[in-house]
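J.: Pasting the sequence and the predicted model now:
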Amino acid sequence: MAPPYFDTLVAHYLMDPETSHSLQVLGENILNYKAMDPEALIGSGRNKISWQQVSQDKLTLYAGEKADVILQLKQQLQLRDKLLDVYRDIELPLISVLTDMEYEGIRVDSKVLGDLSKELEAASEASQKAVFELAGEEFNIGSPKQLGEILFEKLTLVEKPKKTRTGQYATGEEILIKLADEHEIVQHILDFRVYQKLKSTYVDALPQLIDPRDGRIHSTFSQAVAATGRLSSNNPNLQNIPIRTEKGREIRKAFIPRDDKHVLLAADYSQIELRIAASFAKDQHMIEAFKEGRDIHATTASKVFGVTLEEVDANMRRKAKAVNFGLLYGQTAFGLSQALSVSRAEAKEIMEAYFQEFSAIKEYMDRVIAQAHETGYVETITGRRRYLRDINSRNYTLRSYAERNAINAPIQGSAADIIKVAMINIQQWLRQENLKSKMILQVHDELVFDVHQDELDHIEEPISKMMRDALPLDVPMVIDVGIGQNWLEAH
DNA sequence: GAAGTCACG
DNA sequence: ACGTACGTGACTTCA
């Protein structure tokens, strides 16, 4: 559909991203009008019928009512001030950008995945065999219930096993890693889980989603799902393709250019959230580190541990990195101690030293929380809002959760704003210049392009520049660009 | 459909 | 004493 158009979904998402945007609910809440229940037409459960089986008359009434509700909502959904700007200048133009990306899709080599599937099958079988032998019986390793009984009742790995909040034995990765020294079986279980996960979620699932007409996968990018303003990707989710582990990375080799005249180009923001935090807090120490292009985690370590940059060792850097990371989420000393496997006392010392050195960060965080308590919401760089309904709750758990959101949402959401602006500008430029290259994926701080080889030389700089300059910050933005014959190589 | 688990940023 | 790092989507099991 060509603009101008109004979009009730996107408009209401901006007004209040976490509540329902369905026409049914908006009709009730905003128009005080109860629209027809679709279940009255197609039923539910095992009696559910296809829309194609519904009579023309009933369909007409149903569709007509929807059109009516949409038009009436348009009059009521009045965005103002900054939110109107975000709607007009970002979310609305973004719709067609996402449409284009979904339409183009990304080519996937099913041969790569087929070979990987066989490898994972063999590896998984071997792990399963080892588990059964060490357990002394066969059972379903994929069932957390059965696995818990084997580990904690039959083999009695620990005296007091951790339980989940429903009373089952907890067998998550973190728990099992701590038990790896107790019994040889544990590592085989962890291996089995990895192989199964990669196989079922990616290697065997992706080929079924390749469109036979073009050999590509066309994901859906949802614009009105994430509470912070991020996009989400589904059917399939192309924003969580493995990269952290050796075996998982192999999957990225299956994501390839559309033909032999193209290559993949991946451009990602380096440390975008930390740069945003430094800029919002106007923390001169951190801003200076970014301006001078220093290793931010090493710089943090040198300040926190009171040593020179040269004296920072790998362990100090690792700890500082965890602090920088946790900072963006409102982490506590307890959380840091867990993440680093150090005592709470040490974690507390590290955090205190951190806030001593980066006092502006601390002041900023206190300011954001105070503002959230006063107004009931927080804002991103563009004025995008997230309401925090529990921010003044008397329930400590609920209130603390809201306070962590108050810290995280403006940062995560501003990163989302920045990359969205870049996407709009880049798409407009590609079109204006009549280029064959296509923007095909967004992964929160990364954009992936199917680039025609003839255009490679004059596309990299403009893309990088448009990402860098999307919105103004008090710190320089750095974009890392890679090019390759597959998504892994492009990193 | 809930719960548990785990893939990504 | 409590609970403890944010945001997503997909798969398997099980009632």
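T.: Right, received. Where do you want to start? Residues are numbered from 1 along each chain as shown, chains lettered A, B, ... in the order given.
J.: how about the residues of the stretch 201-350 of chain A near DNA strand B?
T.: Contact residues (CB under 7 Å from any atom of the strand) of the stretch 201-350 of chain A with DNA strand B: A:201, A:239-245, A:248. Yep, even glycine has a C-beta here, placed from its N, CA and C like the rest.
J.: okay, those residues in a markdown table with distance to A:R193 next?
T.: Below are those laid out as a markdown table (distance: CB to CB, whole Å):
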| residue | distance to A:R193 |
| --- | --- |
| A:T201 | 11 |
| A:Q239 | 21 |
| A:N240 | 16 |
| A:I241 | 18 |
| A:P242 | 13 |
| A:I243 | 18 |
| A:R244 | 14 |
| A:T245 | 12 |
| A:G248 | 12 |
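J.: Reformat those as a markdown table; add secondary structure.
T.: Below are those laid out as a markdown table (DSSP: H, G, I helix; E, B strand; the rest coil):
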| residue | secondary structure |
| --- | --- |
| A:T201 | helix |
| A:Q239 | coil |
| A:N240 | coil |
| A:I241 | coil |
| A:P242 | coil |
| A:I243 | coil |
| A:R244 | coil |
| A:T245 | coil |
| A:G248 | helix |
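J.: Return only those of those found close to DNA strand C.
T.: Contacts with DNA strand C within those, counted by CB under 7 Å from any atom of the strand: A:201, A:239-240.
J.: for chain A, what's the longest helix?
T.: When chain A is parsed with DSSP state H, its longest helix is helix A:396-432.
J.: need the next SSE after it, C-terminal direction.
T.: Following helix A:396-432 in sequence order, the next helix or strand is strand A:438-442 (DSSP states H and E).
J.: so how far is the longest helix of chain A off the chain centroid?
T.: A distance of 11 Å separates the centroid of the chain from that of helix A:396-432, by CA atoms, centre = their mean, to the nearest Å.
J.: which parts of that helix are buried?
T.: For helix A:396-432, burial by neighbour count (16 or more other CB atoms under 10 Å) applies to A:399, A:401-427, A:430.
J.: if we look at DNA strand C, which of those residues are close to it?
T.: A:401, A:404-405, A:408-409, A:412.
J.: Just name the closest of those residues to DNA strand B, please.
T.: A:Q412 (6.1 Å; CB to the nearest atom of the strand).
J.: Regarding the residue lying closest to that closest one once chain neighbours are set aside, what is its secondary structure?
T.: Spatial nearest neighbour of A:Q412, excluding adjacent residues (CB to CB, 6 or more residues apart in numbering): A:T228 at 4.5 Å. State at A:T228, reduced to three classes by three-state DSSP: coil.
J.: Let me know whether A:T228 touches A:A409 as I believe.
T.: Yes - counting by CB atoms under 8 Å, A:T228 touches A:A409, with 5.1 Å between them.
J.: Could you pull out the residues contacting both of these two?
T.: Residues within reach of A:T228 and of A:A409 at once, by CB atoms under 8 Å, 6 or more residues apart in numbering, are A:380, A:386.
J.: among the ones next to DNA strand C among the residues of the stretch 201-350 of chain A next to DNA strand B, which ones are buried?
T.: Buried among these by 16+ other CB under 10 Å: A:201, A:239.
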